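**Q** Next comes the sequence, and after it the predicted model I'd like to discuss.
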Amino acid sequence: MGFLERLQASQDARVGNWIMLAEMDQLDEIDNISMSRPVVLFKHSTSCGISAGAKYRLESDWDQIPEDVSFYFLDLLRYRPISNAIAERYLVRHESPQILVIREGKAIYSASHHRVNISSLIGAIS
């Protein structure tokens, strides 16, 4: 089994850590949750190696994330209209991979590509 296959197998086993974002009305849910605790959105392209690496980096250090943080996962290839709505709603430029932290209905942090990592994310949610 090659590196990419192992990486994909690792990702598939850990999808349970994420809340899948597949419906437009979940954005209202995210805004409501973000009024009392941070919400993280991870926009992932399933066909991109950089995105797969970003997801792997996040999941490798999952235990460092506070338990009260909600994590949403968006498959960009399947749900591009939701990604477009995220960009419009939270006033961020679409990138992939991209991670956003939402508080009180606003994006307070955004990172993409190789800047998606746990240490920066923890700083943004603290």
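**A** Here it is on my side, so go on.

**Q** wouldn't residue 87 be in contact with residue 93 here?
**A** Yes. In terms of CB atoms under 8 Å, residue 87 counts as a neighbour of residue 93; the distance is 6.6 Å. From N, CA and C alone the C-beta is placed, and that goes for glycine too.

**Q** So these two - more neighbours on which side?
**A** Between residue 87 and residue 93, counted using other CB atoms under 10 Å, the more crowded position is residue 87 (17 against 8).

**Q** show me the contacts for that one.
**A** By CB atoms under 8 Å, 6 or more residues apart in numbering, residue 87 lies in contact with 93-94.

**Q** next one: phi and psi at it?
**A** phi -60, psi -40 (degrees, to the nearest 10).

**Q** which residue is nearest the middle of this protein?
**A** residue 42 (1.1 Å; CA atoms, centre = their mean).

**Q** is it true that that residue lies in a helix?
**A** No. Assignment of residue 42 by DSSP: H, G, I helix; E, B strand; the rest coil gives strand, placing it outside any helix.

**Q** which residues does it form a beta bridge with?
**A** residue 73, residue 99 (DSSP bridges).
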